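Undergrad: got a structure for you, letters missing:
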């Protein structure tokens, strides 16, 4: 059995310190919004604070995962800790949805029992949220263009900034028009957004942790492309999965049309790696060569 590995991952040097700065900034705004929400009586402000706190956890998980994922593989950890960021994403998404459901309950209760809110506090803290989240967005923008983990954090912060804009609008309506029920409406909107974002992240992280075939991979199309390579008879017993957000792995059996030497198989393997990388983004290939071996030739085989 021959195992061949192909690593074609062009990594941007992600600056972990930018995550640290973003974490510190978001801790400041979270504490300020919680205190301000309690003093002003604004549920929308507290809900935005909880949203920011969830992002503090997300950024913290991203930072820890960023560090862990760079640990070298060992005898006991043959993949290293590259899947740490997927576990972090799953935990963060799950807690995000739980927080959002609690906010929905509180918003509905408050809607039927509105009370006066210190709108000035809401306005100033919403402005602070816009500034802080805006600064965090700028810090992570460059890394977000090169790393999916950072892009996720970047998008979280960008939408945080938009949530703060919504809270600001609510604060202005309360100050100048005394529309206090708008606080519950803004809370409900933020909660719905959190559920949508959290559920999507939960679904994606679950699929990766369960080793589902990535959505952009068409197994049948991939097989058709591989079968165009001279010397290939049948690609079968296929597994395709994400190790993490950057690494896409494939392992399969490759039945050759001729009884060739291993040096000749290496030529076929090189062509196969090029096709899989260029057309499907697969950067790690593990192939078992065969010649009319007596086993199942189905694309997918239950082990």
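TA: Great, that's in hand. No experiment lies behind these values; they were computed from the predicted model shown. Numbers count the residues shown, from 1 in each chain.
Undergrad: the strands in the stretch 151-300 of the chain, which residues?
TA: Under the criterion DSSP state E, counting those that start in this stretch, the stretch 151-300 of the chain carries strands at the ranges 232-242, 248-256, 284-290.
Undergrad: From what I see, residue 167 and residue 126 are in contact.
TA: Yes: counting by Cβ atoms under 8 Å, residue 167 touches residue 126, with 4.2 Å between them. Placement of C-beta: from N, CA and C, glycine included.
Undergrad: Comparing the two, which residue is more hemmed in?
TA: residue 167 (30 against 27; other Cβ atoms under 10 Å).
Undergrad: circling back to that earlier point, so which of the strands of the stretch 151-300 of the chain is nearest residue 118?
TA: Across those, residue 118 has its closest neighbour in strand 232-242 (47.5 Å, Cβ to Cβ).
Undergrad: buried set for that closest one?
TA: For strand 232-242, a neighbour-count test (16 or more other Cβ atoms under 10 Å) marks 232, 234-238, 240-242 as buried.
Undergrad: and stretch 270-290, average pLDDT?
TA: Here stretch 270-290 scores 96 as its mean pLDDT.
Undergrad: how distant is that stretch from the center of its chain?
TA: Centroid separation for stretch 270-290 versus its chain: 25 Å, with Cα atoms, centre = their mean, to the nearest Å.
Undergrad: Ok, stretch 61-69 next?
TA: Relative to its chain's centre, stretch 61-69 lies at 13 Å (Cα atoms, centre = their mean).
Undergrad: any idea of the mean pLDDT in that stretch?
TA: Stretch 61-69 shows a mean pLDDT of 78.
Undergrad: List the buried residues in it.
TA: Residues of stretch 61-69 classed as buried: 61-66, 68-69 (neighbour count, 16+ other Cβ under 10 Å).
Undergrad: got the contact list for it?
TA: Residues outside stretch 61-69 that contact it (Cβ atoms under 8 Å, 6 or more residues apart in numbering): 14, 16, 19-20, 23, 80-82, 84-85, 87-89, 91-92, 149-150, 152-153, 244.
Undergrad: that older thread, of all the buried residues of strand 232-242, which comes closest to residue 189?
TA: For those, the nearest to residue 189 is residue 242 (32.5 Å; Cβ to Cβ).
Undergrad: For that closest one, name its beta-bridge partners.
TA: residue 248 (DSSP bridges).
Undergrad: That one is in contact with residue 213, isn't it?
TA: No: Residue 242 is not in contact with residue 213 according to Cβ under 8 Å; the separation is 9.5 Å.
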